[in-house]
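> what would the 3D arrangement of this be:
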Amino acid sequence: MEKIPQNERALILQGGGSLGAYEAGCYDAGYKFLKHRNTLEDQKRPMFDIIAGTSIGAINSAIITSYVVENKTWEGSAERLIDFWNYISTESFLDKIPNYMTQWWDNYRKFFTNLADAETTRRYYSSKEFTATGVSKVFSHPQMVADNRFFDMFNVWYRYDSKPLKESLEKFAKFPIATSREYDQPRLLLVATDVGEGMPVVFDSYEKEDGGRHSGYGKLIVDENNKKNSIIGFEHVIRYDDGITADQVIASASVPVNYDYVKMDAERYDSNTKRYEKEERFFWDGGILINTPLMQVIIAQRQYWYYGKGVKGILPKLDVVQINLNPARVNTVPFDYDGVKNRVSDIVFADRTKNDETILLFLQSFQEMTKKLINMSIERGIKQEVIDKMLDEPLPMQHRFVGAMATKYRDFVEGELNIGEIIRIEREHDDYAVSNKVFDFTSNTIKRLIQNGYDDMIDYLKTRFSSEYLKKIGMLTDI
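Predicted coordinates for the structure are as follows:
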């Protein structure tokens, strides 16, 4: 059996449009630190065993993973990601007018005290411009779709084409992406939303237990005529044996209403024919349901070791670094229209994984307690076959499970979760933020976001390890 490591690391990247540049800065600083730690501890291990993302986080994750696979090294992966962000950034009309905002707009503020400052105004009108003209390497100009249902002349729909983003992505990532632990390659996990089912779908670059690459979701189908309750599969299956494709990455980033659905070939289990039938399904941005896929990462790790590698005891300890783009809290509640819209966006897409963490830790504690009870029972003379018989009993509620692969009590007790530290680096509320911030791909904003991400990761490391330590390893020039 494959050697079981003591520890694994996962990187989780949240969705948030152009704010994804912040993740590039965080990753740059984090990579430099982990590279030093691996060298110091003489560890020949991947920087991250799992890289997971939603929406723009999926795009960043794919670029990092592709680079590592193609170049067989992590060295240069941070630079590659930053190059991508510099490539897709652009200039707005206001950016092309030197000092306009500082010279003119700030002068207006002398007479209108409620006016936003120059930088906020630059971002506001730049974002507004891009929603009207598009960004050449990210999304097309909007195309108007008339209302043919109610003949309402005010009900106008504007749609963007994500083809430019896909083309940009394919310049920086090589598809399909298929990875393997055997070659010390990171596992890529991406989240999209099945529009018809209203369910999350996780695309996985690792092979499943049957040797294929596929994503199953929906109701778990079990052969109830078989006494062992053998698993047939999930209600819906998407197969991609060659690896994750660019279409699947773009599906994770297809913002509802603004973009069209991404169509994919899939299979659906037919209870009448007792086999899978081909069908076409439609997908949107995974951020609608799961913008921070912590739960999905931990479930995927357990499935790999328990079902794939047969680990019945404690799983490798999983430490997580999570980059959050949408601030959960602000110091000042806004009262202007744009500020309120901006705050709504933050709250809708903010990190909710602390509840997931609580549930997972509860399950971990339950597994630990159950194992202790089993050991106590054996010490008091209960035969192992009696315990095995109980553990192999079918779960009475398995017909109600959605997305969970478990048919008997044993599946919950064995393969004990081992959740380590969860580090959350969160972009703080930006005083210059506007409601359309996710559309701001101006070079000035992108560079600032990259730098902010780098600085925030350094600040965390300084708090955790001290400024003196970072200076010693060359990550700080001054204390």
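> so the closest residue to residue 116 other than its chain neighbours, which state does it fall into?
Among residues not flanking residue 116 along the chain, residue 124 sits closest, at 6.9 Å (C-beta to C-beta, 6 or more residues apart in numbering). Just so you know, the C-beta spots here come from the backbone N, C-alpha and C atoms, and that holds for glycine as well. At residue 124 the chain is in helix, as set by DSSP: H, G, I helix; E, B strand; the rest coil.
> give me the neighbour count for residue 124.
Look at residue 124: counted by other C-beta atoms under 10 Å, it has 20 neighbours.
> contacts for stretch 189-202?
For stretch 189-202, the surrounding residues in contact (C-beta atoms under 8 Å, 6 or more residues apart in numbering) are 50-54, 58, 61-62, 203-205, 215, 217-218, 236, 238, 244, 248-249, 251-252, 254, 261-262, 281-286, 288-290, 293, 296-297, 300, 402-403.
> of those, buried ones?
Burial of the contacts of stretch 189-202 was assessed by neighbour count (16 or more other C-beta atoms under 10 Å); the buried members are 50-54, 58, 61-62, 203-205, 215, 217-218, 236, 238, 244, 248-249, 251-252, 254, 262, 281-286, 288-290, 293, 296-297, 300, 403.
> can you pull the contacts of the residue lying closest to residue 364 once chain neighbours are set aside?
Leaving aside its chain neighbours, residue 364 sits nearest to residue 417 (4.1 Å; criterion: C-beta to C-beta, 6+ apart). Residues in contact with residue 417, defined by C-beta under 8 Å, 6+ apart, are 298, 302, 315, 360, 363, 364, 367.
> what about the spatially closest residue to residue 38 that is not a sequence neighbour, neighbour count?
Leaving aside its sequence neighbours, residue 38 sits nearest to residue 45 (C-beta to C-beta, 6+ apart; 6.5 Å). Per other C-beta under 10 Å, the neighbour tally for residue 45 reads 14.
> three-state assignment of residue 83?
The three-state label given to residue 83 by three-state DSSP is helix.
> can you check the pLDDT for the nearest residue to it once chain neighbours are set aside?
If the residues on either side of it in the chain are set aside, residue 83 comes closest to residue 172, at 7.1 Å by C-beta to C-beta, 6+ apart. Model confidence at residue 172, given as pLDDT, is 98.
> wait, isn't residue 172 in contact with residue 60?
No: with contacts counted by C-beta atoms under 8 Å, residue 172 stays clear of residue 60, the gap being 10.2 Å.
> compare these two and say which is more crowded by neighbours.
Between residue 172 and residue 60, counted using other C-beta under 10 Å, the more crowded position is residue 60 (27 against 19).
> list the helices and strands the helix or strand harbouring the more buried one packs on?
Using DSSP states H and E, residue 60 falls within helix 56-71. Counting contacts by 3 or more C-beta pairs under 8 Å, 6 or more residues apart in numbering; DSSP states H and E, helix 56-71 is packed against strand 7-13, helix 21-40, strand 50-54, helix 77-88, helix 163-172, strand 187-194, helix 246-252.
> give me the buried positions along it.
56-69.
> likewise stretch 252-270?
Within stretch 252-270, the residues scored as buried using 16+ other C-beta under 10 Å are 252, 253, 254, 255, 258, 259, 262, 264, 266, 267, 269.
> and for stretch 417-431?
Buried, per 16+ other C-beta under 10 Å, within stretch 417-431: 417, 418, 419, 422, 424, 425, 426, 427, 429, 430.
> low-confidence stretches in the protein?
Counting by pLDDT under 70, the chain contains low-confidence residues at 1-2, 42, 224-229, 398-399, 478-479.
> coming back round to it: for the residue nearest to residue 364, phi and psi?
For residue 417, the backbone dihedrals (degrees, to the nearest 10) come out as phi -60, psi 150.
> one step back: list the residues that contact the residue nearest to residue 83.
For residue 172, the contacting residues are 63, 66, 80, 83, 84, 87, by C-beta under 8 Å, 6+ apart.
> what's the closest of these to residue 230?
Comparing those against residue 230 with C-beta to C-beta places residue 66 closest, at 36.4 Å.
> so the closest one is in contact with residue 176, correct?
No: using C-beta under 8 Å, residue 66 makes no contact with residue 176, being 9.7 Å away.
> on that earlier part again, enumerate every residue touching the residue nearest to residue 116.
Applying C-beta under 8 Å, 6+ apart to residue 124 gives the contacts 116, 338, 434, 436.
> can you flag the buried ones in those residues?
Buried members of the contacts of residue 124, counted by 16+ other C-beta under 10 Å: 116, 434, 436.
> measure the second one to residue 122 for me?
Yep, that's residue 434 we're talking about. Distance, residue 434 to residue 122, by C-beta to C-beta, to the nearest Å: 10 Å.
> re earlier: ok, now how distant is the residue nearest to residue 364 from residue 318?
Per C-beta to C-beta, residue 417 is found 8 Å from residue 318.
> quick check: neighbours shared by the two?
Common neighbours of residue 417 and residue 318, counting by C-beta under 8 Å, 6+ apart, are residue 298.
> so the residue nearest to residue 38 sits against residue 37, correct?
No: assessed by C-beta under 8 Å, residue 45 is found out of contact with residue 37, at 10.3 Å.
> hey, where'd the strands end up in the chain?
Using DSSP state E, the strands found in the chain span residues 7-13, 50-54, 143-145, 157-159, 187-194, 199-204, 214-222, 231-239, 262-270, 275-285, 317-324, 419-426.
> closest one to residue 458 among those?
Of those, the one closest to residue 458 (C-beta to C-beta) turns out to be strand 419-426, at 10.4 Å.
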